[in-house]
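K.L.:
Build the 3D model from these lines:
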Amino acid sequence: MQRHTRFTIAIAGAALAGTLALGAVADASGDDSGRSDRRGRVPRLTDEQKCEQRDRITDRSTALQLRLDGLVLTVGELRAAAETAGDTEAVERYDRQLARVERISERVVARTEHFEVWVAEHCIVE
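P.N.:
Below you'll find the predicted structure:
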């Protein structure tokens, strides 16, 4: 399998994992008022359950951020090697991949911060 294909798969996997983790953080950080999907279903977790799972959600978010940071380093190294080799198409591809991973990383950070604020406002620290 070609190198760029493997990293495309890795980025897609990180994006999928990030989307799932962000969805969990977003779901856990909201309140139940006025939130439903197109079918009228409300979120399954109560505020108490969200508070109980705050450590798990924070751990998943931290693990995802570490994976994304490692991916940025790896793709950055590949970009530098492609630039040294003069492969402009690969450099452009790696630039797009880096931009995508950095956008995902920014969303993870923003949603994690939002979740931490929600936890501080709604959960009793034991």
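K.L.:
tell me which element residue 100 is part of?
P.N.:
Per DSSP states H and E, residue 100 falls inside helix 88-122.
K.L.:
Can you give me the buried ones in that helix?
P.N.:
Residues of helix 88-122 classed as buried by neighbour count (16 or more other C-beta atoms under 10 Å): 90-91, 93-94, 97-98, 100-101, 104-105, 107-108, 111-112, 115-116, 118-119. In short, each C-beta sits where N, CA and C put it, glycine included.
K.L.:
Next: stretch 63-79.
P.N.:
Here stretch 63-79 shows 64-65, 67-68, 71-72, 75, 78-79 as buried, counting by 16+ other C-beta under 10 Å.
K.L.:
the bottom helix or strand of this structure by mean pLDDT?
P.N.:
Here the helix or strand of the chain ranked lowest by mean pLDDT, DSSP states H and E is helix 3-29, holding a mean of 65.
K.L.:
ok so, going back, next, format the buried residues of stretch 63-79 as JSON lines and append pLDDT and secondary structure.
P.N.:
JSON lines is the format used below for the buried residues of stretch 63-79 (pLDDT from 0 to 100; DSSP: H, G, I helix; E, B strand; the rest coil):
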{"residue": "64", "pLDDT": "93", "secondary structure": "helix"}
{"residue": "65", "pLDDT": "92", "secondary structure": "helix"}
{"residue": "67", "pLDDT": "93", "secondary structure": "helix"}
{"residue": "68", "pLDDT": "92", "secondary structure": "helix"}
{"residue": "71", "pLDDT": "93", "secondary structure": "helix"}
{"residue": "72", "pLDDT": "92", "secondary structure": "helix"}
{"residue": "75", "pLDDT": "92", "secondary structure": "helix"}
{"residue": "78", "pLDDT": "92", "secondary structure": "helix"}
{"residue": "79", "pLDDT": "92", "secondary structure": "helix"}
